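Colleague: Got a sequence here, can you build the structure:
(chains A and B)
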Protein chains: 2
Amino acid sequence: MENIITSKENPTIKLYQKLSSSKKERLQYGLFVLEGLRIVEDAIKEKSSLSHIIMTKYAYEKFGYVIFQADLRDTKTIVISNELGNKIALTDTTQGIFAICRIPVQKKMIFSENGRYIVLYGLQDPGNVGMIIRTADALGINGVILSGSCDLYSPKVIRSTMGSIFRVDTLIENDTEKLFGILKENTVETLASVIDKDAENINNCLFKGKQAVFIGNEGNGLPAEISERCDRRITIRMNGTVNSLNAAMASGIIMWELTK
Amino acid sequence: MENIITSKENPTIKLYQKLSSSKKERLQYGLFVLEGLRIVEDAIKEKSSLSHIIMTKYAYEKFGYVIFQADLRDTKTIVISNELGNKIALTDTTQGIFAICRIPVQKKMIFSENGRYIVLYGLQDPGNVGMIIRTADALGINGVILSGSCDLYSPKVIRSTMGSIFRVDTLIENDTEKLFGILKENTVETLASVIDKDAENINNCLFKGKQAVFIGNEGNGLPAEISERCDRRITIRMNGTVNSLNAAMASGIIMWELTK
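Modeller: Residues are numbered from 1 along each chain as shown, chains lettered A, B, ... in the order given. Predicted structure coming up:
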């Protein structure tokens, strides 16, 4: 076994902790962090670019054989003490396996014929964003666009995607004008998801051609100027007293109808 | 204003903290706790039986007028210091308003003609259970049955329901034999939600009559003996590599199809 690192002052450990806690550092280095066996395996399987794999002594003995079956020529592996693993872990019951992953270079999104897209406009809860990406993957949504939403590469979003971050096409476009420009240029019909009984009931909607559905912020929904700017306005008809599903759940039901 | 309580040793505060942290204490006293303005208002609106309302001095000044519009003859109100409020709060940004609520006496569930029911069989994540109850409320599900699942009255479940706990019919039946007995006696068709491409695709299912869908544990799904015992087996057809939606999301999509 290699040398076991025990110090928080080790440069890789310091880098890992900076990337865990700060969006600014993630942007600056173009790196983000992973924790847990399944997501590290997913990253390897989907050929994501890992700069480092960090394992505790315990994890190295238990999972090392899984990891080293992969081609890790461009990946540096370090082994740390179990104590240090507990210090850098963000989950209560860590498996002691971590990685630093390169943020992929943003490519143009491909808007395919009959493609179905979701635009997360101002979503702030990382658990919601992660769950929507996971659901998009399961249901076969063609791409997820984030605009004014929380950081796609925060540890909480990444964890909630359960590995789908490596499989779903994503685009970050925080400039509203550019976002509508891209959608128009690609002849994508825009649909605003709203709570309004006068909007089209998604039960009766015809979904065809390229379409993108805008989902608004958890507390406030879509701003009026965005929903008015969309080609159509759609709604999930709800029962009596409740006028709001959780944002991830509403998105899930819409994605279900969009893709079935 | 009444006397402001500052001590953790106050009997109501001690009771609140016991109920916050222990299922055993909740069962013993038949009480559970609420935190936050919206859920306390929901409890009052839905005529739930509150034994105590606890407000910090700050909350009393800010929200007191909202609370005291209600008929609170059977409810004792106490005011505590802001510091004590921060100590008993379970959320990071507390509003300083809390309540102790009586667990309703369990009534027989009414299985109505064409009623739609969800059975949570072994669900362990309180956030999932709460989100399912919230979604059941929004979509008009007739009842939610918990069997071998986490405690319905834990603070995390209650918080995630966003007040729907007071509107959705619930039943706790941890004995599998009794559960199937109740469903049979009431001529409820049972459907097991499974991940199996040979099960009925919910897109093509005919949902009619009284039906209850069983949802299994987050990690393991339904035990084989349960899915075999159900009248039918249904599945959400999924995209390529992913074989699992989050349990709450899968339940949401199923409830959507059951009620639309």
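
Colleague: To what extent is the closest residue to residue A:167 other than its chain neighbours buried, counted in neighbours?
Modeller: Spatial nearest neighbour of residue A:167, chain neighbours left out: residue A:137 (5.2 Å); criterion: C-beta to C-beta, 6 or more residues apart in numbering or on different chains. (Each C-beta comes from the backbone N, C-alpha and C, glycine too.) Neighbours of residue A:137 under the rule other C-beta atoms under 10 Å in any protein chain shown: 24.

Colleague: Repeat that for the one 4 residues further on.
Modeller: Burial of residue A:141, expressed as a neighbour count using other C-beta under 10 Å, amounts to 25.

Colleague: right, and the secondary structure at it would be what?
Modeller: Put simply, residue A:141 is coil when judged by DSSP: H, G, I helix; E, B strand; the rest coil.

Colleague: Next to chain B, which bits of the stretch 51-200 of chain A? Give me the list.
Modeller: With C-beta under 8 Å from any C-beta of the partner chain as the criterion, the stretch 51-200 of chain A meets chain B at residues A:131, A:134-135, A:137-140, A:162, A:164, A:167.

Colleague: Next, the contact list for residue A:218, please.
Modeller: Listed by C-beta atoms under 8 Å, 6 or more residues apart in numbering or on different chains, the contact set of residue A:218 reads A:123-125, A:128, A:246-247.

Colleague: wait, what's in contact with residue A:166?
Modeller: By C-beta under 8 Å, 6+ apart, the residues touching residue A:166 are A:42-43, A:45-46, A:48.

Colleague: And for residue A:235?
Modeller: A:193-197, A:199-202.

Colleague: Select from those every entry located in helices.
Modeller: Judged by DSSP state H, the contacts of residue A:235 include no members of helices.

Colleague: out of these, which are buried?
Modeller: Those of these that meet the buried threshold are A:193-195, A:199, A:202, by 16 or more other C-beta atoms under 10 Å in any protein chain shown.

Colleague: How far does the worst-scoring helix or strand of chain A on mean pLDDT sit from its chain's centre?
Modeller: Within chain A, no helix or strand scores below helix A:57-67, which has a mean of 90 by mean pLDDT, DSSP states H and E. How far helix A:57-67 lies from its chain's middle: 27 Å, per C-alpha atoms, centre = their mean, to the nearest Å.

Colleague: residues in contact with it?
Modeller: Here helix A:57-67 makes contact (C-beta under 8 Å, 6+ apart) with A:1, A:4, A:37, A:40-41, A:44, A:53, A:55, A:77, A:79-82, A:85, A:95-97.

Colleague: Mind checking which of those are in helices?
Modeller: Counting by DSSP H, the contacts of helix A:57-67 place A:37, A:40-41, A:44, A:82, A:85 in helices.

Colleague: follow-up on the earlier one: give me the buried entries from the contacts of helix A:57-67.
Modeller: Buried members of those, scored by 16+ other C-beta under 10 Å, are A:37, A:40-41, A:44, A:53, A:55, A:77, A:79-81, A:85, A:95-97.

Colleague: For the residues you listed, which two are the farthest from each other?
Modeller: Greatest spacing in those, by C-beta to C-beta: A:44 and A:81 (24.0 Å).

Colleague: Where do the strands of chain A begin and end?
Modeller: Ranges of strands in chain A, per DSSP state E, are A:4-5, A:31-35, A:50-56, A:76-80, A:97-102, A:116-121, A:143-147, A:170-172, A:189-193, A:200-201, A:211-215, A:232-235.

Colleague: now, which of the contacts of residue A:235 sits nearest residue B:113?
Modeller: Checking the contacts of residue A:235 against residue B:113 with C-beta to C-beta, the nearest one is residue A:201 at 24.6 Å.

Colleague: Do you have the helices of the stretch 101-250 of chain A handy? List them.
Modeller: Here the stretch 101-250 of chain A has its helices, by DSSP state H, counting those that start in this stretch, at A:126-139, A:155-161, A:176-185, A:224-229, A:247-259.

Colleague: Serialize those to TSV and add fields for mean pLDDT.
Modeller: Converted to TSV, the helices of the stretch 101-250 of chain A look like this (pLDDT from 0 to 100):
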stretch	mean pLDDT
helix A:126-139	96
helix A:155-161	96
helix A:176-185	98
helix A:224-229	96
helix A:247-259	95
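
Colleague: Which of those sits closest to residue B:217?
Modeller: Short answer: helix A:126-139, nearest of these by C-beta to C-beta, at 17.8 Å.

Colleague: From the contact counts, what lies against that closest one?
Modeller: Here helix A:126-139 touches strand A:116-121, strand A:143-147, helix A:155-161, helix A:247-259, helix B:247-259, going by 3 or more C-beta pairs under 8 Å, 6 or more residues apart in numbering or on different chains; DSSP states H and E.

Colleague: for the stretch 1-150 of chain A, which spans come out with low pLDDT?
Modeller: Scanning the stretch 1-150 of chain A for pLDDT under 70 picks out A:1-2.

Colleague: Name the residue of it that lies nearest to chain B.
Modeller: residue A:140 (3.7 Å; C-beta to the nearest C-beta).

Colleague: How about the stretch 151-260 of chain A?
Modeller: residue A:239 (3.7 Å).

Colleague: How about the contacts made by that residue?
Modeller: Counting by C-beta under 8 Å, 6+ apart, residue A:239 touches B:137-140.

Colleague: Tell me, how many residues neighbour residue A:135?
Modeller: With other C-beta under 10 Å as criterion, residue A:135 counts 29.

Colleague: how near is it to residue B:161?
Modeller: 21 Å (C-beta to C-beta, to the nearest Å).

Colleague: can you check residue A:64 too?
Modeller: From residue A:64 across to residue B:161, the span is 43 Å (C-beta to C-beta).

Colleague: Between the two, point out the one with more neighbours.
Modeller: Neighbour count, other C-beta under 10 Å: between residue A:64 and residue B:161, residue B:161 has more, with 27 against 16.

Colleague: my guess is the more buried one meets residue B:134, correct?
Modeller: Yes - judged on C-beta atoms under 8 Å, residue B:161 makes contact with residue B:134 at a distance of 5.2 Å.

Colleague: Skipping its backbone neighbours, what lies nearest residue A:3 in space?
Modeller: That would be residue A:79: by C-beta to C-beta, 6+ apart, it lies 7.5 Å from residue A:3.
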